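Visitor: The sequence and its predicted three-dimensional model are supplied below.
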Amino acid sequence: MQLAPLCALLLTHSFGLQASADSVPKENVSARRFVQAFYDWYTPKTMNDHDGPASDLALKLKSSAFSPSLLLALREDSAAQAKSKDEIVGLDFDPFLASQDPDPRYLVGKTERKGGSYYVSVHSFRFGKRSAKPDVIAKLEKYHGAWRFTNFIYPDGGNLVGTLLMLKQERLLPPSVY
């Protein structure tokens, strides 16, 4: 007799869980998976020695993960920095981690849809704890059925696209006369 109420409770709970899982839009889940897969691939690359920044490796091996305009801007910035051996004229931090000192792991958090874009919070994970605030927010959109990063928003209020544009404009200025 007491088994029936327990079964009813379990069934109610199970259907409640299914309803809440179904209430999360599939696109949100898909966006989160895309971002987490990228960071699972990318983060170990930041810990290894390379001829250049790990971000260059991502541009080479994962170019399809970036919108055409973001990919072009990142490649231009990288090329400009490679030509300038004496000074920093491009990014001086990891654009996908918003850091000069990456953590060993990054985890996705909150996902929001605004218009046709999705914003996925990315948190560092260190000493068994996820950071309370996101280190970066990845902005992405679908292009021909595939996710692509369109920007990375930083905690200080800046963003990658804006930073790349500012650096490009600075490189176009004539050299300062001291």
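Guide: Yep, that arrived. It should be emphasised that the depicted structure is a prediction, and the values quoted were computed from it without experimental measurement.

Visitor: Span of stretch 44-58 from start to end?
Guide: 12 Å (Cα to Cα, to the nearest Å).

Visitor: In it, which residues are buried?
Guide: Under the neighbour-count criterion of 16 or more other Cβ atoms under 10 Å, stretch 44-58 has 45, 46, 53, 54, 55, 56, 57, 58 buried. C-beta: built from backbone N, CA, C; applies to glycine.

Visitor: which residues are contacting the helix or strand harbouring the second one?
Guide: Right, the one you point to is residue 46. For residue 46, the host element (DSSP states H and E) is helix 26-47. For helix 26-47, contacts defined as Cβ atoms under 8 Å, 6 or more residues apart in numbering pick out 54, 57-58, 62, 65, 94, 96-97, 102-108, 111, 113, 118, 120, 122, 138, 140, 142, 147, 149.

Visitor: Quick check: pLDDT value at the residue nearest to the spatial centre of the chain.
Guide: The centroid of the chain falls nearest to residue 138 when counting by Cα atoms, centre = their mean (3.8 Å). Note on residue 138: pLDDT of 98.

Visitor: one step back: buried residues in the helix holding residue 46, which are they?
Guide: 31, 32, 34, 35, 38, 39, 42, 43, 45, 46.

Visitor: name the helices or strands packed onto whatever helix or strand comes next after that helix?
Guide: Sequence-wise, the next helix or strand downstream of helix 26-47 (DSSP H and E) is helix 54-61. In terms of contacts (3 or more Cβ pairs under 8 Å, 6 or more residues apart in numbering; DSSP states H and E), helix 54-61 is packed against helix 26-47, helix 68-83.

Visitor: So what angle separates the directions of the first one and helix 54-61?
Guide: What that stands for is helix 26-47. If you take axes from the mean of the first three to the mean of the last three Cα atoms, to 10 degrees, helix 26-47 sits at 120 degrees to helix 54-61.
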